[in-house]
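> here's my sequence, what's the structure:
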Amino acid sequence: MAIDDDFKSAAERVTQLPKRPPNDIMLQLYALFKQANEGDVTGDRPGFADFEGRVKFDGWKKLQGKSGEDAKQEYISLVEKLEAEAA
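Numbering: from 1, shown residues only. Alright, predicted model coming up:
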């Protein structure tokens, strides 16, 4: 199976986990997903009042320079780890 297929499968499976992962893991999943699909973060950092937006922006920005393929592989590995922990 190609990495794109594995990535799509992981993105679907993560929504079916029996328990929602902690916020730090959710942020990591978000950032890896965005980096894999859109590349490096663009635009301005959200304002002070948008705390959630700032945290997401900062998490994604930490992955700047990571290739889409590397981000996909890390995302897949993280989802597999979450699935193993839930089993």
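> now name the helix or strand holding the residue nearest the centre of the chain.
Nearest residue to the geometric centre of the chain (C-alpha atoms, centre = their mean): Leu29, 2.4 Å. Assigned by DSSP states H and E, Leu29 belongs to helix 23-38.
> now do the residue nearest to the centre of the chain against Ala10, distance only.
Separation of Leu29 from Ala10 (C-beta to C-beta, to the nearest Å) stands at 9 Å. Glycine gets a C-beta too; all of them are placed from N, C-alpha and C.
> shared neighbours of these two, anything?
Contact criterion C-beta atoms under 8 Å, 6 or more residues apart in numbering; residues shared by Leu29 and Ala10: Tyr75, Val79.
> helices of the protein, start to end?
Ranges of helices in the chain, per DSSP state H, are 3-14, 23-38, 51-61, 68-86.
> for the last one, the distance to its chain's centre please.
What it means is helix 68-86. On the basis of C-alpha atoms, centre = their mean, to the nearest Å, helix 68-86 sits 9 Å off its chain's mean C-alpha point.
> quick revisit: with mean pLDDT and distance to Arg45 added, can I get the helices of the chain in JSON lines?
Converted to JSON lines, the helices of the chain look like this (pLDDT from 0 to 100; distance: least, C-beta to C-beta, whole Å):
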{"stretch": "helix 3-14", "mean pLDDT": "96", "distance to Arg45": "26"}
{"stretch": "helix 23-38", "mean pLDDT": "97", "distance to Arg45": "14"}
{"stretch": "helix 51-61", "mean pLDDT": "96", "distance to Arg45": "5"}
{"stretch": "helix 68-86", "mean pLDDT": "96", "distance to Arg45": "20"}
